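Student: Any chance you could fold what I've pasted below:
(one chain, ligands or ions: 1)
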Amino acid sequence: MADSKKIAMISGITGQDGGYLAKFLLEKNYRVLGLYRRGATDTFSKLKEHGIFEQIELLDFDLLELSNICRLLKKHQPDEFYNLAAQSFVAASWEEPIYTAQADGMGVLYILEAIREFSPKTRFYQASTSEMFGKVQEIPQTEKTPFYPRSPYGVAKLMAHWACVNYSESFNVFACSGILFNHESPMRGKEFVTRKITSHFARIYTGKTGEPLELGNLNSKRDWGYAGDYVEMMWKMLQHTTPDTYVISTGETHSIREFVEEAGKHCGFDLQWQGSEDSETGTDKKTGKVVVKVNPKFYRPAEVDVLIGNPEKAKKVLGWNAKVDFKSLCRMMMLADIEREKK
Ligand code: NAP
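Tutor: Numbers count the residues shown, from 1 in each chain. Predicted coordinates for the structure are as follows:
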């Protein structure tokens, strides 16, 4: 008997969102085809931690390899394709702007072309980003706010966003662009600032290091949500009657400094800030130890100061609300890293 399960393809299956989305879709009885890069080092640890590794059918995939993308689409004819793969680290995009443009911009065009040619019924989700708003033209940002990316990453993602809109208008491809604001979890990569904070603090807390955490601009503000909440929205977009663009965010903004203070509380730190901008330090009042300090090395060449999204459209059209708030997110991430360090 033919398998009547819906088929979802997820690129970037080894990343933070890949694991949460795969878990969500498996619970909805999808057959999940996970696309991964052969040669990645720590390949499946997140899928194993989620306890779903055995249920994912893994297939080779690279955003830069059009022939492989065409073959995959032609052969599997997925009902839904979630493109979560990307060179996703903003800081790295200044070092690798051309690769970032090829992977995050052209790679998306390759998938759209493959869908158009070989699997036109496939519904496509593109992982767009609040970094496309960059030097914000409006606060809060909505689907109608003009874009002004401030990094090669934001520029490449903007191309992909417009390619989705264009393929949907020109070729009737069901392509949705989810403009997701920052979302975090215990599965976040350690290079990203939230996880950099919680993983380093956990090492101080468990006595594994005495070195302070070094950060860039403490006053940058972000709209931080929980990845587990946000993947539901990716799915909801593809179940709607028409393809569209949606801002997904909490509607609250917090500075990196606030994240540091909130995470620090769960390690028993009572932080006192001292010094001027470029040499500011945070000392734990109880022990007198410096646990965090600014290092201008981590400043961005072009800063994105205030990101805050207005998720009203997603709430109204798709019926969605973020469940995990800022404090709960800090707590969840901090406790998970302390547990990991204790093990
Ligand atoms: P992530 O943890 O960095 O995962 C990125 C994934 O892309 C990894 O599985 C990585 O595979 C894969 N990848 C990188 N280059 C590739 C290539 N050339 N070919 C195939 N796969 C490649 O990112 P995430 O946090 O899950 O985010 C998922 C998506 O949402 C990304 O597109 C990101 O840009 C976007 N986004 C994220 C946020 C956020 O706050 N998390 C906000 C807005 C948008 P390897 O394991 O092989 O490196």
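Student: Any regions of the stretch 1-150 of the chain where pLDDT drops low?
Tutor: In the prediction, the stretch 1-150 of the chain carries residues with pLDDT under 70 at positions 1-3, 40-42.
Student: which residue ranges form the strands in it?
Tutor: When assigned using DSSP state E, counting those that start in this stretch, the strands of the stretch 1-150 of the chain occupy the ranges 7-11, 31-36, 57-60, 80-83, 123-129.
Student: mind checking how far the first one is from the chain centre?
Tutor: The one in question is strand 7-11. 17 Å (Cα atoms, centre = their mean, to the nearest Å).
Student: Show me which residues of this structure sit near the ligand.
Tutor: Contact residues (Cβ under 6 Å from any ligand atom) of the chain with the ligand: 11-12, 14-18, 37, 40, 61-64, 84-88, 103, 127, 129, 180, 182-183, 189. Every C-beta, even on glycine, is put in place using the N, C-alpha and C of the backbone.
Student: Kindly recompute the last result at 5 Å.
Tutor: Remark: the part of the chain in contact with the ligand comprises 12, 14-17, 37, 40, 62-63, 84-86, 88, 103, 127, 129, 180, 182-183, using Cβ under 5 Å from any ligand atom.
Student: Gly34 touches Ile10, doesn't it?
Tutor: Yes: A contact is recorded between Gly34 and Ile10 when judged using Cβ atoms under 8 Å, the distance being 5.6 Å.
Student: Which neighbours do those two have in common?
Tutor: Gly18, Ala22 (Cβ atoms under 8 Å, 6 or more residues apart in numbering).
Student: Between these two, which is the more surrounded one?
Tutor: Neighbours per residue, other Cβ atoms under 10 Å: of Gly34 and Ile10, the larger number sits with Ile10, 30 against 25.
Student: in the sheet, who's paired with the more buried one?
Tutor: The partner list for Ile10 in beta bridges (DSSP bridges) reads Gly34, Tyr82.
Student: Please shift the residue numbers so they start at 55 in all later answers.
Tutor: In the new count, where the first residue is 55, that last one comes out as Ile64.
Student: how about it, what does it touch?
Tutor: Residues in contact with Ile64 (Cβ under 8 Å, 6+ apart) are Gly72, Leu75, Ala76, Leu79, Val86, Leu87, Gly88, Leu89, Tyr136, Leu138.
Student: Which residue is the nearest non-sequential neighbour of Ile110?
Tutor: Gly88 (4.2 Å; Cβ to Cβ, 6 or more residues apart in numbering).
Student: Kindly report the same for Asn349.
Tutor: Glu268 (4.2 Å).
Student: what's the answer for Tyr74, then?
Tutor: Val285 (4.5 Å).
Student: Also Pro200?
Tutor: Gln191 (4.6 Å).
Student: Ok, Pro365 next?
Tutor: Across the structure, with Cβ to Cβ, 6+ apart as the measure, the residue nearest Pro365 apart from its sequence neighbours is Ser303 (4.9 Å).
Student: again, but for Met386
Tutor: Closest residue in space to Met386, ignoring its immediate chain neighbours: Pro240 at 6.4 Å, by Cβ to Cβ, 6+ apart.
Student: List the contacts of the one you found.
Tutor: Pro240 makes contacts with Met386, Met387, Ala390, Asp391, as judged by Cβ under 8 Å, 6+ apart.
Student: okay, it: pLDDT?
Tutor: The predicted local confidence for Pro240 comes out at a pLDDT of 98.
Student: from what I can see Leu212 touches Arg204, true?
Tutor: No: taking contacts as Cβ under 8 Å, Leu212 lies outside contact range of Arg204: 11.0 Å.
Student: if we can go back for a sec, the residue nearest to Pro365 is in contact with Trp278, isn't it?
Tutor: No: in this structure, Ser303 is not within contact of Trp278 by Cβ under 8 Å, at 9.1 Å.
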